[in-house]
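*Asks:* kindly generate the corresponding structure for this input.
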Amino acid sequence: MATIDKIGRVVREQARLTLLRLLSEMPGYAANTSLLDDALVELGVPIGRDKVETEAAWLAEQDLVAREVKGPVTKLTLTRRGRDCATGMVEVPGVKRPSPDDPD
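*Replies:* Okay, the predicted model is just below:
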């Protein structure tokens with residue numbers, strides 16, 4: 001069971017970093033969670049829409065994104081701290097730290 005827990009932690013940390021990086025490339029540094037979920041699937045980090053919403057809330061609690069919910073749509077906007085985390089300037093426990101050879 002410990003191995004499954006470790007894999008789950010690694011996937012969550014990778015998904016969080018990927019969400020921040022995706023937002024850093026979006027116009028206005030913002031996107032909705034539906035679009036981000038589709039992008040995660042394309043990038044090989046398919047965690048599902050419910051988990052994207054959960055991670056969005058977690059990222060907002062860490063002040064890495066601003067989260068705005070309007071009905072069924074959740075919009076995320078990258079904060080300065082989130083951008084610093086995405087580039088490795090700031091280390092946040094729970095978010096994978098990018099390695100120097102990771103593509104930007």
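
*Asks:* packing partners of the helix or strand harbouring Gln14?
*Replies:* Assigned by DSSP states H and E, Gln14 belongs to helix 2-25. Under the contact criterion of 3 or more CB pairs under 8 Å, 6 or more residues apart in numbering; DSSP states H and E, helix 2-25 touches strand 30-32, helix 33-42, helix 49-61, strand 65-70, strand 73-78, helix 80-87. C-beta coordinates here come from the backbone N, C-alpha and C atoms, glycine included.

*Asks:* with respect to Leu22, which of the ones you listed lies nearest?
*Replies:* Shortest distance between Leu22 and the helices and strands packed on helix 2-25, using CB to CB, is found for helix 33-42: 5.3 Å.

*Asks:* tilt between the closest one and helix 2-25?
*Replies:* Helix 33-42 and helix 2-25 are oriented at 120 degrees to each other (axes from the mean of the first three to the mean of the last three CA atoms, to 10 degrees).

*Asks:* what average pLDDT does helix 33-42 get?
*Replies:* Here helix 33-42 scores 96 as its mean pLDDT.

*Asks:* only the buried residues of that helix, if you could.
*Replies:* Of the residues in helix 33-42, Thr33, Leu36, Asp37, Ala39, Leu40 count as buried by neighbour count, 16 or more other CB atoms under 10 Å.

*Asks:* just checking, the last one touches Arg16?
*Replies:* The one in question is Leu40. No - Leu40 is beyond contact range of Arg16, at 10.7 Å (criterion: CB atoms under 8 Å).
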